[in-house]
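> coords please:
(2 chains)
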Protein chains: 2
Amino acid sequence: MIGCDCAVCHSTDPRDSRLRASIHVATPECSWIVDAGADLRTQVLRENIREIDAVVFTHSHTDHIMGFDDLRRFSSFRGGMPVYASSATMKDLKRVFEFAFEGLNPFPGYLRPEPHLVTGPFDLGGTRLTPLPVPHGNSEVYGYLFSRGGKKYVAYLSDCSGVPDKIANAIKGVQVLVIDALRSLPHPTHLSVDQALEVASRVEPGRTFFTHISHELPQTFEANLPSNTFIAYDGLKLEL
Amino acid sequence: MIGCDCAVCHSTDPRDSRLRASIHVATPECSWIVDAGADLRTQVLRENIREIDAVVFTHSHTDHIMGFDDLRRFSSFRGGMPVYASSATMKDLKRVFEFAFEGLNPFPGYLRPEPHLVTGPFDLGGTRLTPLPVPHGNSEVYGYLFSRGGKKYVAYLSDCSGVPDKIANAIKGVQVLVIDALRSLPHPTHLSVDQALEVASRVEPGRTFFTHISHELPQTFEANLPSNTFIAYDGLKLEL
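Residues are numbered from 1 along each chain as shown, chains lettered A, B, ... in the order given. Presented below is the predicted three-dimensional model:
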């Protein structure tokens, strides 16, 4: 964290250096990212990602949207960039990136968003994306369940302060649960480690990966977690 | 650049890896940055910058504003963040970062902008900042002249497609000219190398540093430039 001298901020474990939370999902048919924070360009260059066919948003907080314009290259490759978001998030995206949504920049190579409001499950290639409305402090944001052929592969809940039973039941038995676990102490808008473990106990996933980790949670804390529970890190790749 | 296999994008010279254009100015009295692009957090951490007393904007294009919210730490340290911008840029900042300007987030540690409209020269500590209106394609943006005790130290013109004689005269004889030089080929909104050299021939600075360099201009091109002309790179520090 900026201006911090704590042990994690000075850690020599590269996994303790974290950029903004985001994932890239590649399937046989197409690929997409979830969220587009300020680090998007750095993340895409680091992973040498060459194709992004859509962007799916959880919510519009700055750490999830401020890199959106850096999708211009992928938009240019394919002639437009499908954008999936709730109506509240899309409204914010249109306000913040007004020039893109209103097509104010005629130069080639600019971002051309193609908005798709998410009001229920939708498909990207052969994958079904089911929005998972969860509380994030006083607001409601989306997590997403990715399933193929009826099989639940991944539930992604990057930002939440609680997971209602209805959502836990919808993702029950998922192969991989990726879930907000900011730190050990409680926080008004994010799950703590204990709260995330409690959610996992209801979801009963194959494996659980903590995400949206703050500098108050060192990677070494993973040793204290159950054997199927991990602390995700930048660049982590899962093949399912 | 994302998805590019050119020689510069694969260069092993670390100076060919460039984040978004920005500068940090430290004086005996205070320090500030010019612009706050998406890479702000990465840049601040890399340089271990511990204090920022103000942010001064050239314009509101995404590569200059999308990291603004990452000033929250510095804002928190000092109880608020003075923001200097033209009325057009401030209007865009207020639209994009509505939650910050409207104080919608009550949690401690959030960004509290203190807007100052730039309509003419103003002082930060013992430094006078003179806005330099220049064309940037179809829009007008600000460069800035930094002077102390009547002495012209730095003229910063990161984004411009031309420099009118009135501006060149105002900064004539400046110690350091930092000027947009995107690439060798002309561009509708940025100066080319030859155009930047032509501006320098009118300004007659002590030294010229090219900035806002694209992947079409390798660092090695510096060998072709006049002896007092350099290609700036990320992390470059000048003591004046």
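> how is chain A divided into domains?
A:22-118, A:120-233 (automatic domain parsing).
> the last one: end-to-end distance?
In domain A:120-233, first residue to last residue: 30 Å (Cα to Cα, to the nearest Å).
> if we can go back for a sec, of all the domains of chain A, which one is nearest B:Asn169?
Relative to B:Asn169, the nearest member of those by Cβ to Cβ is domain A:22-118, separated by 31.3 Å. Backbone N, C-alpha and C define where each C-beta goes, glycine included.
> closest one to chain B among the domains of chain A?
domain A:22-118 (4.2 Å; Cβ to the nearest Cβ).
> let's have the domains of chain A in TSV, adding mean pLDDT, distance to chain B and mean neighbour count.
Below are those laid out as TSV (pLDDT from 0 to 100; distance: least, Cβ to the nearest Cβ, whole Å; neighbours: other Cβ atoms under 10 Å in any protein chain shown):
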stretch	mean pLDDT	distance to chain B	mean neighbour count
domain A:22-118	96	4	19
domain A:120-233	98	7	18
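> would you mind saying which of those lies nearest B:Leu145?
domain A:22-118 (28.6 Å).
> which residue ranges of chain A form helices?
With DSSP state H as the definition, chain A shows helices at residue ranges A:40-47, A:62-65, A:72-78, A:87-96, A:98-101, A:165-170, A:193-203.
> show me the strands in chain A, by range?
A:23-26, A:31-34, A:54-56, A:81-85, A:113-117, A:122-124, A:127-136, A:139-148, A:151-157, A:176-180, A:207-211, A:229-231 (DSSP state E).
> which strands or helices does the last one pack on?
In other words, strand A:229-231. strand A:207-211 (3 or more Cβ pairs under 8 Å, 6 or more residues apart in numbering or on different chains; DSSP states H and E).
> by how many degrees do the strand it packs on and strand A:151-157 diverge?
20 degrees (axes from the mean of the first three to the mean of the last three Cα atoms, to 10 degrees).
> helices or strands next to strand A:207-211 in the packing?
By 3+ Cβ pairs under 8 Å, 6+ apart, strand A:207-211 packs against strand A:176-180, helix A:193-203, strand A:229-231.
> mind listing what it pairs with, with the direction of each?
Using DSSP bridges, the strands paired with strand A:207-211 are strand A:176-180 (parallel), strand A:229-231 (parallel).
> can I get the ones you listed in CSV with distance to B:Asp123?
Output for these, formatted as CSV (distance: least, Cβ to Cβ, whole Å):
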stretch, distance to B:Asp123
strand A:176-180, 45
strand A:229-231, 48
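> who wins for proximity to A:Asp92 among these?
Closest among the strands paired with strand A:207-211, using Cβ to Cβ: strand A:176-180, at 20.0 Å.
> extract the CA atoms of that closest one and return them as CSV.
What follows is strand A:176-180, C-alpha atoms only, in CSV (Å, rounded to 0.1, in the frame of the first residue of the first chain):
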residue,chain,number,x,y,z
VAL,A,176,-13.7,-23.6,-7.4
LEU,A,177,-14.9,-20.8,-5.1
VAL,A,178,-13.1,-17.5,-5.5
ILE,A,179,-14.1,-15.3,-2.6
ASP,A,180,-13.4,-12.0,-1.0
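> what's next to it, contact-wise?
A:23, A:153-160, A:163, A:171, A:190-191, A:196, A:199-200, A:203, A:205-212, A:232, A:238, A:240 (Cβ atoms under 8 Å, 6 or more residues apart in numbering or on different chains).
> contacts for stretch A:202-213 next, please.
Contacts for stretch A:202-213 (Cβ under 8 Å, 6+ apart): A:18, A:21, A:155, A:158-159, A:163, A:165, A:168, A:171-183, A:190, A:193, A:196-197, A:200, A:217, A:225-226, A:228-232, A:236, A:238.
> run the last query once more with 6 Å
Contact with stretch A:202-213 is made by A:21, A:158, A:168, A:171-178, A:180-182, A:200, A:228-232, as judged by Cβ atoms under 6 Å, 6 or more residues apart in numbering or on different chains.
> before we move on, what about stretch A:119-136?
Contacts for stretch A:119-136 (Cβ under 6 Å, 6+ apart): A:27, A:29-30, A:32, A:54, A:118, A:140, A:142-148, A:159-163, A:167, A:189.
> quick one: it to chain centroid distance?
Put simply, stretch A:119-136 sits 13 Å off its chain's centre (Cα atoms, centre = their mean, to the nearest Å).
> then stretch A:160-169?
17 Å.
> my read: A:Pro218 touches A:Cys9, true?
No. Between A:Pro218 and A:Cys9 there is no contact under Cβ atoms under 6 Å: 10.2 Å.
> give me the beta-bridge partners of the residue lying closest to A:Val83 once chain neighbours are set aside?
Spatially, and ignoring its direct neighbours in sequence, A:Val83 is nearest to A:Pro113 (4.8 Å; Cβ to Cβ, 6 or more residues apart in numbering or on different chains). Counting by DSSP bridges, A:Pro113 is bridged to A:Met81.
> any idea how far stretch A:9-21 is from the middle of the chain?
Worked out by Cα atoms, centre = their mean, stretch A:9-21 lies 18 Å from the chain centre.
> list the buried residues in that stretch.
Buried positions in stretch A:9-21, judged by neighbour count with 16 or more other Cβ atoms under 10 Å in any protein chain shown: A:Arg15, A:Asp16, A:Arg18, A:Leu19, A:Arg20, A:Ala21.
> can you give me the end-to-end span of it?
17 Å.
> next, see if it gets close to chain B.
No. Residues of stretch A:9-21 are not located near chain B by Cβ under 6 Å from any Cβ of the partner chain, the shortest gap being 8.1 Å.
> let's test this: mean pLDDT of that stretch, rounded?
Taken as a whole, stretch A:9-21 carries a mean pLDDT of 97.
> neighbouring contacts of that stretch?
A:1, A:8, A:37, A:39, A:43, A:63, A:158, A:211-212, A:215, A:219, A:233-234.
> need the helices and strands packed on strand A:207-211 in a markdown table (columns: distance to A:Phe68).
Below are the helices and strands packed on strand A:207-211 laid out as a markdown table (distance: least, Cβ to Cβ, whole Å):
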| stretch | distance to A:Phe68 |
| --- | --- |
| strand A:176-180 | 21 |
| helix A:193-203 | 27 |
| strand A:229-231 | 27 |
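> closest one to B:Phe99 among these?
strand A:176-180 (20.2 Å).
> quick revisit: export the strands of chain A to a markdown table and tack on distance to B:Gly80?
Shown next, in a markdown table, are the strands of chain A (distance: least, Cβ to Cβ, whole Å):
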| stretch | distance to B:Gly80 |
| --- | --- |
| strand A:23-26 | 35 |
| strand A:31-34 | 34 |
| strand A:54-56 | 33 |
| strand A:81-85 | 32 |
| strand A:113-117 | 34 |
| strand A:122-124 | 43 |
| strand A:127-136 | 26 |
| strand A:139-148 | 25 |
| strand A:151-157 | 34 |
| strand A:176-180 | 30 |
| strand A:207-211 | 32 |
| strand A:229-231 | 35 |
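> from A:Ile23, how far out is the closest residue to A:Phe230 other than its chain neighbours?
Spatial nearest neighbour of A:Phe230, excluding adjacent residues (Cβ to Cβ, 6+ apart): A:Phe209 at 5.1 Å. Distance from A:Phe209 to A:Ile23, counting by Cβ to Cβ, to the nearest Å: 10 Å.
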